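J.: sequence unknown, structure follows:
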């Protein structure tokens, strides 16, 4: 049967009208992710990105309706390389392209300058940057979705004093905003608890050779060495501690709790590395275990350190949009400040500065190259 050109035109117009009507009933909400998608912290950036994408998939399946339109969430991910200048450029790009919800930055040294740009552009920022300075600037719609350095550093110091019975500690940091901030808080609390800081050394976040620093530390015979920095440096440091025969535990923040430590450090991390993880004991919670299984099914591997937090916060934002009846970051943020969200990693409630209230903290060590929880605070 031959179809006339007139009928073909009518069919095409009808299809176009239908598609236009469908589009008119949708509202696109862009969720930006700024993190290290290249370089030594790529493993963390990819994990965070996976957490964001898993939440977006679930929110889209829910078909949330706001103002008569179905929200369609889209992920826009950019590599900030854990570099301040690059991170600011990413922030400017997001603002210029209409991204008003940003997950990240991962590194405190990026979050501090980039947050100014996001505030100017009216965007909401949800970061895992732990340096206290991030939330001291007074930006309205900035949320820290994990514990800060103050809480993490104090918890690690308390564990070192009370459980490891450490009397003398050496402190090393990588001079990044994250590493230095965390090390400062640990040293401050360690002294309050009666421990003696026998040395303070510095390195950088690109180093892999710590023999000179560790040789100096060895002569002071500390019970523990606290390292403020990231896993790609902490793992070789653990190997060199073993090589030099230093009888001290290596302590650090949540970046050291990554399974990457076991991959990079081998058996040198087992029973030697102790880290404080801004989270909760996932294996003891049915909901958290179910999330781990879902994550692994989706990506072929379990979540690393921050993926679950990114997932939770995106889900929190989606619920806040639905409950507030708006996609305006100011109104969504106001709802989030006033209400608590129950996620995989506990309750998300925020103080007026955007710090998470009563963020859970877990101290972990390593066994057979894998993180093993010891105590929660």
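T.: Structure received. Given the structure is predicted, the values throughout are model-derived calculations rather than measurements. Numbers count the residues shown, from 1 in each chain.
J.: so, low pLDDT: which residues of the protein?
T.: When residues are selected by pLDDT under 70, those of the chain lie in 1-24, 280-284.
J.: one more time with 90, if that's ok
T.: Scanning the chain for pLDDT under 90 picks out 1-24, 149-151, 254-255, 258-260, 277-289, 304-305, 346, 358-361, 370-373, 375-377.
J.: quick one: the helices in it, in order.
T.: With DSSP state H as the criterion, the chain has helices at 5-24, 42-62, 84-96, 108-120, 149-162, 177-192, 211-218, 231-243, 260-265, 286-299, 307-324, 329-338.
J.: what angle separates the fifth one from helix 108-120?
T.: Put plainly, it is helix 149-162. Per axes from the mean of the first three to the mean of the last three C-alpha atoms, to 10 degrees, the angle that helix 149-162 makes with helix 108-120 is 150 degrees.
J.: quick one, what contacts the nearest residue to residue 265 once chain neighbours are set aside?
T.: Computed as C-beta to C-beta, 6 or more residues apart in numbering, the closest residue to residue 265 that is not its neighbour in sequence is residue 235, at 3.7 Å. In this view, the C-beta of every residue, glycine as well, is placed from N, C-alpha and C. Residue 235 makes contact with 260-261, 263-265, 268-269, according to C-beta atoms under 8 Å, 6 or more residues apart in numbering.
J.: relative to residue 162, how far out is residue 235?
T.: Distance of residue 235 to residue 162, computed by C-beta to C-beta, to the nearest Å: 27 Å.
J.: how about the contacts of residue 235, which pair is most distant?
T.: The widest separation within the contacts of residue 235, taken as C-beta to C-beta, falls between 260 and 268 and amounts to 13.7 Å.
J.: pretty sure residue 336 is touching residue 317, no?
T.: Yes. Using C-beta atoms under 8 Å, residue 336 is in contact with residue 317, at 7.5 Å.
J.: relative to the whole chain's centre, how far out is stretch 229-240?
T.: Here stretch 229-240 is found 19 Å from its chain centre; the criterion is C-alpha atoms, centre = their mean, to the nearest Å.
J.: now do the buried residues in it.
T.: 229-240 (16 or more other C-beta atoms under 10 Å).
J.: same check on stretch 183-194?
T.: For stretch 183-194, using 16+ other C-beta under 10 Å, the buried residues are 183-187, 189-190.
J.: what's next to it, contact-wise?
T.: Residues outside stretch 183-194 that contact it (C-beta under 8 Å, 6+ apart) are 132, 149-150, 152-154, 156-158, 160-161, 169, 171-173, 197, 200, 226-228, 251.
J.: can you select the buried ones among these for me in ChimeraX?
T.: Selecting only the buried entries of the contacts of stretch 183-194 in ChimeraX, with 16+ other C-beta under 10 Å as the criterion:
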select :132,149,150,152,153,154,156,157,158,160,161,169,171,172,173,197,226,227,228,251
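J.: just to revisit the earlier point, from the buried residues of stretch 183-194, pick the one nearest residue 354.
T.: Of those, the one sitting nearest to residue 354 (C-beta to C-beta) turns out to be residue 185, at 18.4 Å.
J.: grab the nearest non-local neighbour of the closest one.
T.: residue 153 (3.0 Å).
J.: quick check: the one you found touching residue 182?
T.: Yes. If you go by C-beta under 8 Å, residue 153 and residue 182 touch, sitting 5.4 Å apart.
J.: what is in contact with these two at once?
T.: Taking C-beta under 8 Å, 6+ apart as the contact rule, residue 153 and residue 182 both touch residue 253.
J.: for residue 223, give me phi and psi.
T.: phi -80, psi -30 (degrees, to the nearest 10).
J.: separation between the nearest residue to residue 215 once chain neighbours are set aside and residue 238?
T.: Among residues not flanking residue 215 along the chain, residue 244 sits closest, at 6.8 Å (C-beta to C-beta, 6+ apart). As for residue 244, its distance to residue 238 is 11 Å (criterion: C-beta to C-beta).
J.: quick one, phi/psi of residue 203?
T.: Main-chain torsions, residue 203, degrees, to the nearest 10: phi -140, psi -150.
J.: my guess is it contacts residue 229, does it?
T.: Yes. Applying C-beta under 8 Å as the test, residue 203 and residue 229 come out as touching, 7.4 Å apart.
J.: find residues that contact each of those two.
T.: Shared contacts of residue 203 and residue 229 (C-beta under 8 Å, 6+ apart): 172-174.
J.: nearest to residue 101 among these?
T.: Among the shared contacts of residue 203 and residue 229, and counting by C-beta to C-beta, the member closest to residue 101 is residue 174, at 30.1 Å.
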